[in-house]
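Peer 1: predicted model follows, preceded by the sequence.
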Amino acid sequence: MGWGAGMRLRNISKGIVMAKKHLVFSVVIPAAILAACLFPLSLGPQLPPPRTALLAPGESIGNLDTLKSQLKQYHECTCTCGCYAKDLDLQADRAIDFLRARAGRRAPTEKLALVLDIDETTLSNYEEMEKADFAYDSKAFAAWIDTAKAPAIPGTLRIYQEAQKLGVRVFFLTGRIETQRAATEQNLRSRGFQNWQELILRSRWDAFKTAQEYKSKARGAIAAQGYKLVLNVGDQWSDLKGDPQAEFSVKYPDPFYFIP
């Protein structure tokens with residue numbers, strides 16, 4: 001074999017080797033791509049998906065700012081939770097219906113008594129409450145009482161007027177203290193409550209009693225005068241419960257505060 005033939009043979013062999021390499025490369029690369037698709041490379045330890053712990057029981061309590069907003073909407077009758085004025089009128093109508101029926105069947109010697117709470121029952125303090133952002137400050141509230149400008153709750157004025165027509169005696173029974181008598185009387189008279197049998201306020205001897213204890217005792221004193229307690233209207237359960245109770249008690253809605 002000559003030199004030229006030997007070179008051609010070596011070139012042919014080299015070409016065959018290169019062709020084999022290209023063939024292997026063309027087969028291996030697509031196979032590697034397929035394997036990567038079918039079996040993705042691990043990027044490290046696989047973490048579990050994010051989770052959240054169970055909520056604490058207190059999460060069921062509404063946010064304070066949201067509740068304050070709902071109180072305003074309820075008072076303004078702009079929420080789906082109801083309408084304060086409409087609810088008050090509904091309860092006042094129930095009280096009047098009972099009062100008329102009861103007065104129509106009273107015995108000749110019976111002295112009938114109507115007991116009315118004052119704050120959020122006869123007079124509205126909403127202006128002061130909204131200004132205070134629904135927080136209670138005893139000094140600020142006392143100053144508000146002294147202005148004697150709380151508006152009347154219309155439904156209660158209707159109850160009062162009906163009692164006057166029917167000859168039922170009216171007793172105002174309030175948690176206000178004795179030193180607030182003059183301002184309270186002025187406020188009541190300026191809002192159409194011109195005549196009543198008695199205005200009962202907390203004395204210093206009642207200062208440490210709960211509202212229910214104090215009001216129960218006061219109702220007992222009314223009954224001891226020979227009056228039949230036929231109707232009691234208030235915005236707190238402590239206005240109505242405790243012995244003696246009236247024959248019929250009507251509770252006004254009051255989501256603004258609670259007095260035990």
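Peer 2: Perfect, thanks for sending it. Numbering: from 1, shown residues only.

Peer 1: okay, CA-based contacts and neighbour counts for the rest of this
Peer 2: Fine.

Peer 1: spatially nearest residue to residue 98, not counting backbone neighbours?
Peer 2: residue 248 (7.7 Å; CA to CA, 6 or more residues apart in numbering).

Peer 1: partners of the one you found in the sheet?
Peer 2: Beta-bridge partners of residue 248, counted by DSSP bridges, are residue 231.

Peer 1: is it true that it touches residue 232?
Peer 2: Yes - the pair residue 248 and residue 232 qualifies as a contact (CA atoms under 8 Å) at a distance of 6.5 Å.

Peer 1: what's residue 154 in contact with, if anything?
Peer 2: residue 89 (CA atoms under 8 Å, 6 or more residues apart in numbering).

Peer 1: and the pLDDT at it?
Peer 2: Listed pLDDT for residue 154 reads 98.

Peer 1: backbone phi and psi for it, please?
Peer 2: Phi and psi for residue 154, reported as degrees, to the nearest 10, are phi -50, psi -40.

Peer 1: quick check: the gap between it and residue 51.
Peer 2: Distance of residue 154 to residue 51, given as CA to CA, to the nearest Å: 54 Å.

Peer 1: off-centre distance for stretch 106-118?
Peer 2: Its chain's average C-alpha position is 34 Å from that of stretch 106-118, according to CA atoms, centre = their mean, to the nearest Å.

Peer 1: to clarify, my last question referred to stretch 89-101.
Peer 2: 26 Å.

Peer 1: restrict it to CA atoms and write it as PDB.
Peer 2: C-alpha atoms of stretch 89-101 as PDB (Å, rounded to 0.1, in the frame of the first residue of the first chain):
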ATOM      1  CA  ASP A  89     -91.300  51.900  67.800                       C
ATOM      2  CA  LEU A  90     -92.100  48.200  67.500                       C
ATOM      3  CA  GLN A  91     -91.500  47.700  71.200                       C
ATOM      4  CA  ALA A  92     -93.400  50.900  72.100                       C
ATOM      5  CA  ASP A  93     -96.400  49.700  70.200                       C
ATOM      6  CA  ARG A  94     -96.400  46.400  72.100                       C
ATOM      7  CA  ALA A  95     -96.200  48.300  75.400                       C
ATOM      8  CA  ILE A  96     -99.200  50.500  74.300                       C
ATOM      9  CA  ASP A  97    -101.300  47.600  73.200                       C
ATOM     10  CA  PHE A  98    -100.800  45.900  76.600                       C
ATOM     11  CA  LEU A  99    -101.500  49.100  78.500                       C
ATOM     12  CA  ARG A 100    -104.800  49.700  76.800                       C
ATOM     13  CA  ALA A 101    -105.900  46.100  77.300                       C
END
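
Peer 1: list the buried residues of it.
Peer 2: 89, 91-93, 95-96, 98-99 (16 or more other CA atoms under 10 Å).

Peer 1: turn those into CSV, columns for distance to residue 169, pLDDT and secondary structure.
Peer 2: Converted to CSV, the buried residues of stretch 89-101 look like this (distance: CA to CA, whole Å; pLDDT from 0 to 100; DSSP: H, G, I helix; E, B strand; the rest coil):
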residue, distance to residue 169, pLDDT, secondary structure
89, 22, 98, helix
91, 20, 98, helix
92, 17, 98, helix
93, 19, 98, helix
95, 15, 98, helix
96, 14, 98, helix
98, 15, 98, helix
99, 12, 98, helix
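
Peer 1: from the residues you listed, pick the one nearest residue 75.
Peer 2: residue 89 (13.1 Å; CA to CA).

Peer 1: what's the burial count for residue 55?
Peer 2: When neighbours are counted by other CA atoms under 10 Å, residue 55 registers 8.

Peer 1: before we move on, what about the one 4 residues further on?
Peer 2: If you count neighbours by other CA under 10 Å, residue 59 ends up with 8.

Peer 1: same deal with residue 238?
Peer 2: Around residue 238 there are 18 residues (other CA under 10 Å).

Peer 1: quick one: contacts for residue 202?
Peer 2: 174-178, 214.

Peer 1: now the helices for the stretch 101-250 of the chain?
Peer 2: Secondary structure of the stretch 101-250 of the chain by DSSP state H, counting those that start in this stretch: the helices cover 126-131, 138-147, 154-166, 181-190, 211-224, 237-240.
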